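A.B. asks: Below are the sequence and a predicted model; questions follow.
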Amino acid sequence: MYSYEILPEARDQVDGLPTAALPYYAELIAFLELTPWDALPYRDDNPDGNLRKVLFGSSAEGIAVYLILEDQRRVIVVSVTWVG
């Protein structure tokens with residue numbers, strides 16, 4: 001299991017999510033704590049990189065970018081965007 005952390009800037013972005021997005025973000029946190037490597041790499045030219053992106057929401061209206069620190073079993077969310 002990985003610990004979940006969030007940068008202050010990303011916390012502000014989460015605080016601005018619409019109420020309807022919050023259950024999906026909660027599911028995302030569970031995903032990050034259990035299987036963070038199962039998301040897409042942030043850059044296609046670095047498929048094994050620690051920086052990842054994942055879509056969330058009922059129609060993928062949100063995207064979260066996060067860093068995996070494998071040696072520390074930590075996941076740090078760096079950006080959250082909602083386009084819905």
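C.D. replies: Done, it's in. Numbering: from 1, shown residues only.

A.B. asks: which residue is nearest the middle of this structure?
C.D. replies: Nearest residue to the geometric centre of the chain (CA atoms, centre = their mean): residue 64, 3.8 Å.

A.B. asks: what are the phi and psi values for it?
C.D. replies: Phi and psi for residue 64, reported as degrees, to the nearest 10, are phi -120, psi 140.

A.B. asks: For it, give its distance to residue 70.
C.D. replies: According to CB to CB, to the nearest Å, residue 64 stands 18 Å off from residue 70. Using the backbone N, CA and C atoms, a C-beta is placed for each residue, glycine as well.

A.B. asks: What of residue 34?
C.D. replies: From residue 34 to residue 70 the distance is 14 Å (CB to CB).

A.B. asks: Same check on residue 40?
C.D. replies: For residue 40, the distance to residue 70 equals 17 Å [CB to CB].

A.B. asks: Need the pLDDT of residue 2.
C.D. replies: If you check residue 2, the pLDDT there is 98.

A.B. asks: From residue 74, how far out is residue 33?
C.D. replies: According to CB to CB, residue 33 and residue 74 sit 10 Å apart.

A.B. asks: List the residues that are in contact with both of those two.
C.D. replies: By the contact definition CB atoms under 8 Å, 6 or more residues apart in numbering, residue 33 and residue 74 are jointly contacted by 2, 3.

A.B. asks: Just grab the bridge partners of residue 79 for me.
C.D. replies: Per DSSP bridges, the residues bridged to residue 79 are residue 65.

A.B. asks: my bad, should have said residue 41
C.D. replies: residue 52.

A.B. asks: If you count neighbours, what's buried in whichever strand or helix holds residue 13?
C.D. replies: Following DSSP states H and E, one finds residue 13 within helix 8-15. Using 16 or more other CB atoms under 10 Å as the test for burial, helix 8-15 gives 10, 13, 14.

A.B. asks: now stretch 72-84
C.D. replies: For stretch 72-84, burial by neighbour count (16+ other CB under 10 Å) applies to 75, 76, 77, 78, 80, 82.

A.B. asks: One more: stretch 52-67?
C.D. replies: So, applying 16+ other CB under 10 Å, buried residues of stretch 52-67: 52, 54, 56, 57, 61, 62, 63, 64, 65, 66, 67.
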